[in-house]
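K.L.:
got a predicted model here, sequence first, then my questions.
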Amino acid sequence: MKIALLSFHNAANFGAALQAYALQHALEQQGHECEYINYVNDTRRHQYSMSFLFWDSVRKRQFASAAKYLIGAPFLLTRKRKFGKFYNEYLHTTKEEYRNSQEAAVLNTEFERFIVGSDQVWNPVNNGHDTAFLLDFVTDSRKKISYSSSFGLSELDDELKESYRTCFSSFHALSVREKIGQRIVEDLTGRVPELVLDPVMLLTMQDWKDLAAKVKNPNEKYIFTYTNRDQQISSFMKTGYHLDNKKIYKLSRFTKPRDFMDTSVRVKYWMSPLEFINVIDNAELVVSASFHCLAMAILLNKPFVAILTGNFGKDERLNNMLRMFHLEDRALSDKMSEEDILKPIDWDFVNREITKRREDSLQYLVNAIG
């Protein structure tokens, strides 16, 4: 069957890249022909444009932010080139680019099914308040499917509820990634969407290892840290964890000049998605606030520490995953010690749960596609 996929398919973001690849690959394994709709509205176009972000900050007289964007431009450009190479090699997309629902409507006659998800495609901040990400341009409701879509927040603003309710009501099959997403959809429509795995977990450990093997392995011992707020690594180090001559591979927007001069630190901001998987697979320990980084660590059976932000809506997807595999004790807390970090994880149980839930999630796709 010919299926159109809609997600943040070209973002310079590791989670976006991996989930986009995984959903497409899983559907192809089922025998389907898939293409990502090359959909780029203004919000998505500007998301990783340093020139736009720089001048927007200048217009708003936010000169400190403008300086950061200017300094960070070379790093982001390198990262975007690596992501572009990955997308060109591993994702199939429509030749035409679409900027709004009216333009995308021509696709109704080209595809037999439309699947939106995963990632935070239903977060209005991320999608630019664009209901194309709710498949409003698809005229036949039997073709409309969501897979593991996420809101990334705990509640929709009141002015959005009616448009979201209308769009959700016309879906043939609805699924989300978190319980909070189930509640939002049920409150709006009375329908309880399926709770399914994130797309990265539709692929097996071996699938990801085969992909990671395409790049060279690091030849040193290290822990991998991927954080999104300042001081998160220093909070982790308060646990008393001893590096024991291991390096710190650091991926963070809060990289500082001293990180480039510290011989114990390897800055990894410009990794490709394949290098990202490989670095996780070869790490002694993964410390992260990133959902997809931790999802990959769990899939690859790597010891990890999860950092929560304190924001209920944003933390829910991480908490949901930790609860799913009985790994709540891996969340960083003031009481966590090095002994807690070194405590073995029951990977046999985790892997059985992943296998079971993967089968259920794949069956959802089979049923939804019909």
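P.N.:
On my side now, so go ahead.
K.L.:
sec struct for Glu35, please.
P.N.:
strand (DSSP: H, G, I helix; E, B strand; the rest coil).
K.L.:
nearest residue to it in space, please, no chain neighbours.
P.N.:
Using CB to CB, 6 or more residues apart in numbering and skipping residues adjacent in sequence, the residue nearest Glu35 is His92, 4.9 Å away. Yep, even glycine has a C-beta here, placed from its N, CA and C like the rest.
K.L.:
can you tell me how far the one you found is from Arg113?
P.N.:
Using CB to CB, to the nearest Å, His92 is found at 15 Å from Arg113.
K.L.:
between these two, which one's more packed in?
P.N.:
Between His92 and Arg113, counting by other CB atoms under 10 Å, Arg113 is the more crowded of the two (23 against 13).
K.L.:
how about the more buried one: what's its closest non-neighbour residue?
P.N.:
Per CB to CB, 6+ apart, closest to Arg113 is Ile3, 4.6 Å.
K.L.:
show me where the stretch 151-300 of the chain has its helices.
P.N.:
Using DSSP state H, counting those that start in this stretch, the helices of the stretch 151-300 of the chain run over residues 158-169, 179-189, 205-212, 232-237, 257-261, 273-281, 291-299.
K.L.:
and these, which is most packed in?
P.N.:
helix 291-299 (a mean of 25; mean count of other CB atoms under 10 Å).
K.L.:
who are the packing partners of the lowest-mean-pLDDT helix or strand in the chain?
P.N.:
The least trusted helix or strand in the chain, going by mean pLDDT, DSSP states H and E, turns out to be helix 50-59, with a mean of 77. Using 3 or more CB pairs under 8 Å, 6 or more residues apart in numbering; DSSP states H and E, the elements in contact with helix 50-59 are helix 42-46, helix 63-90.
K.L.:
quick one: list the elements packing against the last one.
P.N.:
Spelled out, that is helix 63-90. Right, helix 63-90 is packed against helix 14-29, helix 50-59, helix 273-281 by 3+ CB pairs under 8 Å, 6+ apart.
K.L.:
got it, and the shortest one?
P.N.:
Using 3+ CB pairs under 8 Å, 6+ apart as the contact criterion, the elements in contact with helix 42-46 are helix 50-59, helix 124-127.
K.L.:
return the per-residue confidence for the residue nearest to Arg113.
P.N.:
Ile3 carries a pLDDT value of 98.
K.L.:
and for Gly313?
P.N.:
68.
K.L.:
surely Asn217 meets Val279?
P.N.:
No. Using CB atoms under 8 Å, Asn217 makes no contact with Val279, being 9.3 Å away.
K.L.:
secondary structure element holding the nearest residue in space to Gly152 that is not next to it in sequence?
P.N.:
In space, Gly152 comes closest to Gln120 once its chain neighbours are excluded; the distance is 3.7 Å by CB to CB, 6+ apart. Taking DSSP states H and E as the definition, one finds Gln120 inside no helix or strand.
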